[in-house]
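Q: here you go, sequence then predicted model.
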Amino acid sequence: MGAQVITIASGKGGVGKTTAVANLAVALAADGARVACIDGDIGLRNLDVVMGLENRIVYDVVDVIEGRCRLRQAMIRDKRLPELYLIPAAQTRDKSAVTPSDMIRLCNELRAEVDWVIIDSPAGIERGFKNSIAAADRVIILTNPEVSAVRDADRVIGILEAEEKGTPTLIINRLNPVMVKQHDMLSADDVLDLLAIKLIGIVPEDEGVIVGSNRGNPVALDPKSRAGQAFRNIAKRLKGETVPFMDLEAGTSLWSRLMGRK
Amino acid sequence: MFNFFKPKKSAASAKERLQLVLIHDRTDLTPAELDALKDDLLDVISKHVDIQPDEVRIGLERDGRSQRLVADIPLRSISRRRGG
Ligand SMILES: Nc1ncnc2c1ncn2[C@@H]1O[C@H](COP(=O)(O)OP(=O)(O)O)[C@@H](O)[C@H]1O
Ligand SMILES: [Mg+2]
């Protein structure tokens, strides 16, 4: 059957796509799966530093596509997990170096090598985004509980529906339970009501995420991290396990609603 | 400073504003275009029946990920028309 290809997209930049790709990849690989992630942001390489693999890069995704190396040579092996690989973006090229059919071909080759392919989409709705969703079996939309991020997420969901990519699922990232309780941040319920797609995870605002990025250690590797726990839960849900949503907003209706659903 | 009305909590404003913005984004209809649509719709309907213009309600509603144009257009009854 081969790997499942998952793309994380958002429309807006800076909402946490790269963070989520790194953490989901790490969480799946820590559970024994073979995982390859692809940095889809040609010209703005990022996933390598978030994963702490920037010093190991020799070849990149454009080198594979243009035939300068074999796929295996561009798959950088993680230093912590034996079956986790990164295919980095090209830093000195632009998005036009890659086409959607290049991505489909690359992912089809990867499907035989690993269990999961996770693609980090760039912001926007142009070429880089189109490249990133071309090979996806499923797309995850990531947003923040904030007006511009939600609006852009809705646009991207609309585009995916129009292109018959199916309805994506949703990660709400950087939710701050204290602000929600003070009614100064959209709640997860509000965002779900607005976007009307299925939720796959809520990740709290967590300073540890930035500390982890500073060190190149995704928080999903830290058993005590709240955000890390949220990412590990999402990884389990991707595998089809039923995991209750973390009680980030004790006292709101979300908890009971989600629990009542299953 | 006299402020009798405590400002609405910002989350409620965010949600209300997003509800409106998303409906216009999804339908690609600006508020002005929607008004023009309403006027045209009423013109056509008025050719066939007598309506009560002041009580007409036409608007876009959200239903999950789809939108519908909902119109409630009360008609003037014949008896009232005759009786004046
Ligand atoms: N849950 C979180 N809590 C705190 N900071 C976060 C969280 N998620 C992401 N960040 C921070 O937000 C910034 C943008 O994240 P990034 O993953 O680069 O976004 P994107 O790839 O969507 O542009 C980074 O500094 C990252 O560390
Ligand atoms: Mg990024």
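A: On my side now, so go ahead. Ligands and ions are numbered 1, 2, ... in the order given.
Q: so the residue in the stretch 151-262 of chain A that ligand 2 sits nearest to, which state does it fall into?
A: The nearest approach of the stretch 151-262 of chain A to ligand 2 comes at A:Ser213, 11.0 Å away (C-beta to the ion). The way it works is simple: take the backbone N, C-alpha and C, and place the C-beta from them, glycine included. Judged by DSSP: H, G, I helix; E, B strand; the rest coil, the three-state class of A:Ser213 is helix.
Q: now do it against A:Asp48, distance only.
A: From A:Ser213 across to A:Asp48, the span is 12 Å (C-beta to C-beta, to the nearest Å).
Q: circling back to that earlier point, surely the residue of the stretch 151-262 of chain A closest to ligand 2 touches A:Val50?
A: Yes. Shown here, A:Ser213 and A:Val50 form a contact pair, counting by C-beta atoms under 8 Å, at 5.3 Å.
Q: overlap in contacts, the two.
A: Listed contacts common to A:Ser213 and A:Val50 are A:Thr19; contacts here mean C-beta atoms under 8 Å, 6 or more residues apart in numbering or on different chains.
Q: okay, now whatever residue of the stretch 51-200 of chain A ends up closest to chain B: neighbour count?
A: Among all residues of the stretch 51-200 of chain A, A:His183 sits closest to chain B, at 3.6 Å; criterion: C-beta to the nearest C-beta. Neighbour count of A:His183, defined by other C-beta atoms under 10 Å in any protein chain shown: 14.
Q: now do it, the pLDDT please.
A: Per-residue pLDDT puts A:His183 at 97.
Q: tell me who's in contact with it.
A: Per C-beta under 8 Å, 6+ apart, neighbours of A:His183: B:9-12.
Q: show me where pLDDT drops low in chain B?
A: B:1-6, B:79-84 (pLDDT under 70).
Q: below-threshold pLDDT in the stretch 151-262 of chain A: ranges please.
A: Scanning the stretch 151-262 of chain A for pLDDT under 70 picks out A:249-262.
Q: out of everything not next to it in sequence, what's closest to residue 17?
A: Looking at chain A here, since you left the chain open. Once flanking residues are discounted, A:Lys17 sits nearest to A:Ile8: 4.9 Å by C-beta to C-beta, 6 or more residues apart in numbering or on different chains.
Q: ah, I was thinking of chain B
A: That would be A:Val147: by C-beta to C-beta, 6+ apart, it lies 6.7 Å from B:Arg17.
Q: that neighbour: how many residues sit nearby?
A: A:Val147 - counted by other C-beta under 10 Å - has 17 other residues nearby.
Q: count of residues packed around A:Asn144?
A: Number of residues near A:Asn144 (other C-beta under 10 Å) recorded here: 24.
Q: now swap in B:Ala36 and tell me
A: When neighbours are counted by other C-beta under 10 Å, B:Ala36 comes out with 11.
Q: hmm, back to that, when A:Ser213 and A:Val50 are compared, which one has more neighbours?
A: A count of neighbours by other C-beta under 10 Å puts A:Val50 above the other of A:Ser213 and A:Val50, at 23 against 19.
Q: let's verify that one: helix, strand, or coil?
A: helix.
Q: surely it meets A:Arg215?
A: No. Under the criterion of C-beta under 8 Å, A:Val50 makes no contact with A:Arg215, lying 10.2 Å away.
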